[in-house]
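1. take a look and give me a structure for this.
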Amino acid sequence: MRPERRRQRRFAVDVPARIEAGQDRQVARVRDICRDAVLVEADRWYPLKTRVAVSLELPGTQGELQLSGEIIRLAPGDQGSHGMAVLFSDLSQAASDRIDQFITRQEAG
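-> So this is what the prediction gives:
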């Protein structure tokens, strides 16, 4: 078994999202999230190191989150979709607090 390389524990989630790279936009699904990254599945990949914006609403966090980051990993998704791990950058304190709120609930429950 390979050792876990991630710094943060991931939490499964299945919520609709949008992912944007420049002027290109796609409908997507968020499959998991941690304090510093998110795994998004969409119809097609963006290349590694592409800067993207991800919009989503985590259950119980009251409203849409606007996140930005860089694609750090590509992997096949469910049913032919394309998985992209996005490492957050320039995360606002409000967005960070809402992600922490979601994760704290997941850890407790």
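2. tell me where the protein has helices.
-> Secondary structure of the chain, counting by DSSP state H: helices at 93-108.
3. OK, contacts around Val54?
-> Under the criterion of CB atoms under 8 Å, 6 or more residues apart in numbering, the neighbours of Val54 are 17-20, 28, 30, 38, 40, 66-69, 86. For the C-beta atoms, the positions are set from N, CA and C on the backbone; glycine is no exception.
4. beta partners for it?
-> Using DSSP bridges, the beta-bridge partners of Val54 come out as Ile19, Leu67.
5. residues in contact with the spatially most central residue of the chain?
-> By CA atoms, centre = their mean, the chain has its centre lying nearest to Val38, at 2.2 Å. Val38 is in contact with Val30, Asp32, Val54, Leu56, Leu67, Gly69, Ala85, Val86, Phe88, counting by CB under 8 Å, 6+ apart.
6. so for it, what's the pLDDT?
-> pLDDT for Val38: 97.
7. where in this structure is pLDDT low?
-> 1-7 (pLDDT under 70).
8. coming back round to it: pick the one among the contacts of Val38 closest to Arg10.
-> Using CB to CB, Asp32 is the member of the contacts of Val38 that lies nearest Arg10, at 4.5 Å.
9. would you agree that closest one is in contact with Ala12?
-> Yes. Asp32 is within contact range of Ala12, at 5.3 Å (criterion: CB atoms under 8 Å).
10. which one's more surrounded, those two?
-> For Asp32 versus Ala12, the count of surrounding residues by other CB atoms under 10 Å is larger for Asp32: 16 against 10.
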